[in-house]
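In: Below is the sequence, then the predicted model.
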Amino acid sequence: MSERAAPFYCPYCGDEDLRPSEEGHGAWECAACNRAFQLKFLGLLTRGLQRTGGGGEEI
Ligand SMILES: [Zn+2]
């Protein structure tokens, strides 16, 4: 089962009356402002995976 990200508020008018759109995966329609938008998962952040340089110092 695929997990879908569901928005709680319309990013344009802030209304909560959202419903899944037939346009495609991740598409939503706002009944308040009649806008359709699509959520897209871009990927995971690499935050916290950076290694700080340390050790290996040669004098
Ligand atoms: Zn809206």
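Out: That came through fine.

In: what residues are up against Q38?
Out: Contact analysis of Q38 by C-beta atoms under 8 Å, 6 or more residues apart in numbering lists S21, E23, G24, G26, A27, W28. (C-beta placed from N, C-alpha, C; glycine too.)

In: Most neighbours among those, please name it.
Out: W28 (20 neighbours; other C-beta atoms under 10 Å).

In: check which helix or strand covers that residue.
Out: Applying DSSP states H and E as the criterion places W28 in strand 27-30.

In: mind checking how far the most centrally placed residue in the chain is from the ion?
Out: Most central in the chain under C-alpha atoms, centre = their mean is F41, positioned 5.1 Å from the mean C-alpha point. From F41 across to the ion, the span is 21 Å (C-beta to the ion, to the nearest Å).

In: Is that residue in contact with A5, as I believe?
Out: Yes: taking C-beta atoms under 8 Å as the definition, F41 is a contact partner of A5 at 6.7 Å.

In: overlap in contacts of the two?
Out: Residues touching both F41 and A5 (C-beta under 8 Å, 6+ apart): G26.

In: before we move on, the earlier item: who does the next helix or strand after the strand holding W28 pair up with?
Out: Per DSSP H and E, the first helix or strand lying C-terminal to strand 27-30 is strand 36-38. Next to strand 36-38 in the sheet, as set by DSSP bridges, lie strand 27-30 (antiparallel).

In: Give me the contacts around the strand it pairs with.
Out: Strand 27-30 is contacted from outside by 7, 10, 12-13, 15, 17-21, 35-39, using C-beta under 8 Å, 6+ apart.

In: how far does that strand sit from the chain's center?
Out: Relative to its chain's centre, strand 27-30 lies at 14 Å (C-alpha atoms, centre = their mean, to the nearest Å).

In: How about the contacts made by E23?
Out: Contacts of E23 by C-beta under 8 Å, 6+ apart are A36, Q38.

In: Find me the pLDDT at it, would you?
Out: Per-residue pLDDT puts E23 at 89.
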